[in-house]
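In: no letters, just coordinates:
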């Protein structure tokens, strides 16, 4: 199982084993190793994921749709960390360039600034985004499964959409 609970917080990242006090869950993408332990009976809190992952998640697990909250690449949300709305979490979703709907999460709160990558595919420029400028990241939870020179993956081809003729 991948993922973890940020110590002394109510935040879980790609981790679906029940943990007392945890009620804010982030799902980076729906591959089985990142959703292991998630069940249709899940009722422990809110799940934040991309709109693509949400659609697949609801189809696959038949979860209560009110529990699954969409956050898409480039979006920042404020999430309450307590019942009194005093402690806030700022979460920014970043495209992970892994599979459709995959996200990295930048979390900022009393515990510092955390970047959780989930599975991602590095390409030059992926982290050259305004979302990370002027940020001091205290902790990076980096998936390094294929972080070895022996793994050589071909570059992705970027398909350009055909330009539509505006003149008719």
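Out: Yep, that arrived. What you see is a predicted model; the values in this text were computed from it and never measured.
In: can you give me the helices for the protein?
Out: Counting by DSSP state H, one finds helices in the chain at the ranges 32-35, 51-61.
In: can you list those in JSON lines and add mean pLDDT and mean neighbour count?
Out: Every C-beta, even on glycine, is put in place using the N, C-alpha and C of the backbone. Output for those, formatted as JSON lines (pLDDT from 0 to 100; neighbours: other C-beta atoms under 10 Å):
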{"stretch": "helix 32-35", "mean pLDDT": "74", "mean neighbour count": "16"}
{"stretch": "helix 51-61", "mean pLDDT": "92", "mean neighbour count": "17"}
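In: make TSV from these and add distance to residue 89 to it.
Out: Listed next are the helices of the chain as TSV, based on distance: least, C-beta to C-beta, whole Å:
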stretch	distance to residue 89
helix 32-35	20
helix 51-61	19
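In: hang on, residue 135 packs against residue 113?
Out: Yes: applying C-beta atoms under 8 Å, one finds residue 135 in contact with residue 113, separated by 6.0 Å.
In: neighbour count winner among those two?
Out: Taking neighbours as other C-beta atoms under 10 Å, residue 135 and residue 113 compare with residue 113 leading, 16 against 12.
In: so the more buried one versus residue 92, what's the distance?
Out: Computed as C-beta to C-beta, to the nearest Å, the residue 113 to residue 92 distance reads 10 Å.
In: now list whatever residues contact both of these two.
Out: Residues touching both residue 113 and residue 92 (C-beta atoms under 8 Å, 6 or more residues apart in numbering) are residue 106.
In: can you pull up the most central residue in this protein?
Out: Per C-alpha atoms, centre = their mean, the C-alpha nearest to the average position across the chain is that of residue 28, at 3.4 Å.
In: now do the helix or strand bottoming out on mean pLDDT in the chain: everything it contacts.
Out: Lowest by mean pLDDT, DSSP states H and E among the helices and strands of the chain is helix 32-35, with a mean of 74. Helix 32-35 is contacted by residues 1, 2, 3, 14, 16, 27, 28, 57, 118, 119 when judged by C-beta under 8 Å, 6+ apart.
In: OK, contacts around residue 50?
Out: 29, 70, 71, 72, 73, 93, 101, 102, 103.
In: strands of the chain, residue ranges please.
Out: 4-5, 11-13, 24-26, 46-49, 68-70, 76-80, 88-95, 103-109, 112-116, 139-141 (DSSP state E).
In: include mean pLDDT and distance to residue 150 when you put those into TSV, please.
Out: As requested, the strands of the chain are exported to TSV (pLDDT from 0 to 100; distance: least, C-beta to C-beta, whole Å):
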stretch	mean pLDDT	distance to residue 150
strand 4-5	87	27
strand 11-13	93	28
strand 24-26	95	31
strand 46-49	95	32
strand 68-70	96	37
strand 76-80	95	37
strand 88-95	93	26
strand 103-109	94	24
strand 112-116	92	26
strand 139-141	84	23
